[in-house]
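Visitor: return atomic coordinates for the entry below.
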Amino acid sequence: NQRQADQFGDPEVLSRIKQHEMAFRMQASVPELVDFSDETAGTLKMYGEDVNTPGTFAASCLTARRLAQRGVRNIQIFHRGWDDHEGAGRRIAERAPWMDAGMSTLIRDLKDRGMLDDTLVVWMGEFGRSPGNGSGHFCRAWSTLWAGGGINTGLVVGKTSEGGKNPGHEVVDRPITAPDYIATLCKVFGIEILQEFLGPGQRP
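Guide: Purely as a prediction, here's the structure:
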C-alpha cells in the first residue's frame, strides 16, 4: 500500500493504511477480549458448548457482548455458508439450533446486564429465499429481526401472500422498502436522514 501511495499519490491509499494500522492497534491492545476465562461457568453454558471454539457463532456472539461492554459502537457478526440452493430447507434446519441459541442468548445476556435498552441487535441477510423449495435468491420479501435499542418490540410487521397460485411471492400487508428500512435504522441511531452526504466524485 505504501509503494502504491508513493507511485500514485492517492490519499485514499494512505487512509487505508491508517485504517489497517488502527485495526491492528485495536486488536493488539485488548488481547483479553477473546479470553473468556473471566466469564462465569453459567454464562459459558448459556452460550453453548461451541463458545470456547474461536470462530463459531457462539464465540462470536459472546465476543460481540464483550465488545459492546468496552464501548464499541458498531459490531458485525458475519456467518459464511448461507448461500444455499439445492436442499436449502434441510441445511437451514441443521443450522437453526446453534443460530437460534447464539442469537437468543446474546439478546438475553445484554438484557440481564442492562445493556439492551441502548443496544440494537439486527439480524438479517441481504435477500430472501424463493417461496416453496427455498433454492433461489428472492428479493421481493425476506425476514429480519430487531431487538433492544429502545424500540417497540414484540411485534410482527408485514405479511406475504398465502395460498393461491404464488404463495409467499407478494407482500400483502405493510410493505417496507429498503430505503424505509435504512431510514428507520438511522432514526434509531440518531442519524439525520434528510442530510445528504457526498462520496467520491461528489456523488450523493
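Visitor: name the nearest residue to residue 135, sequence neighbours excluded.
Guide: Nearest-residue entry for residue 135: residue 85, 4.9 Å, with adjacent residues in sequence omitted and distances by CB to CB, 6 or more residues apart in numbering. All C-beta spots, glycine's among them, are computed from the backbone N, C-alpha and C.
Visitor: give me the number of residues near the one you found?
Guide: 13 (other CB atoms under 10 Å).
Visitor: do the same with residue 16
Guide: 14.
Visitor: my reading is that it lies in a helix. Confirm?
Guide: Yes - according to DSSP: H, G, I helix; E, B strand; the rest coil, residue 16 belongs to a helix.
Visitor: that one contacts residue 2, doesn't it?
Guide: No - if you go by CB atoms under 8 Å, residue 16 and residue 2 don't touch, sitting 10.3 Å apart.
Visitor: that older thread, run through the bridge partners of the residue nearest to residue 135.
Guide: residue 87 (DSSP bridges).
Visitor: how close does it sit to residue 143?
Guide: Applying CB to CB, to the nearest Å, the value for residue 85 to residue 143 is 19 Å.
Visitor: swap in residue 152?
Guide: 18 Å.
Visitor: neighbour count: these two, which is higher?
Guide: More crowded of residue 152 and residue 143, by other CB under 10 Å: residue 143, with 12 against 6.
Visitor: what's near enough to touch the nearest residue to that one once chain neighbours are set aside?
Guide: In space, and not counting its chain neighbours, residue 143 is closest to residue 128: 7.0 Å by CB to CB, 6+ apart. Counting by CB atoms under 8 Å, 6 or more residues apart in numbering, residue 128 touches 137, 138, 139, 140, 141, 142, 143.
Visitor: among those residues, name the ones in strands.
Guide: Applying DSSP state E to those, the entries found in strands are 137, 138.
Visitor: can I get the contacts of residue 128 in TSV with distance to residue 21?
Guide: Shown next, in TSV, are these (distance: CB to CB, whole Å):
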residue	distance to residue 21
137	37
138	41
139	38
140	43
141	42
142	37
143	39
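Visitor: any idea how far stretch 38-55 is from the chain center?
Guide: 20 Å (CA atoms, centre = their mean, to the nearest Å).
Visitor: which element is the residue of the chain most remote from its centre on?
Guide: In the chain, counting by CA atoms, centre = their mean, residue 7 sits farthest out from the average C-alpha position, at 37.4 Å. Secondary structure assigned from DSSP states H and E places residue 7 in helix 2-8.
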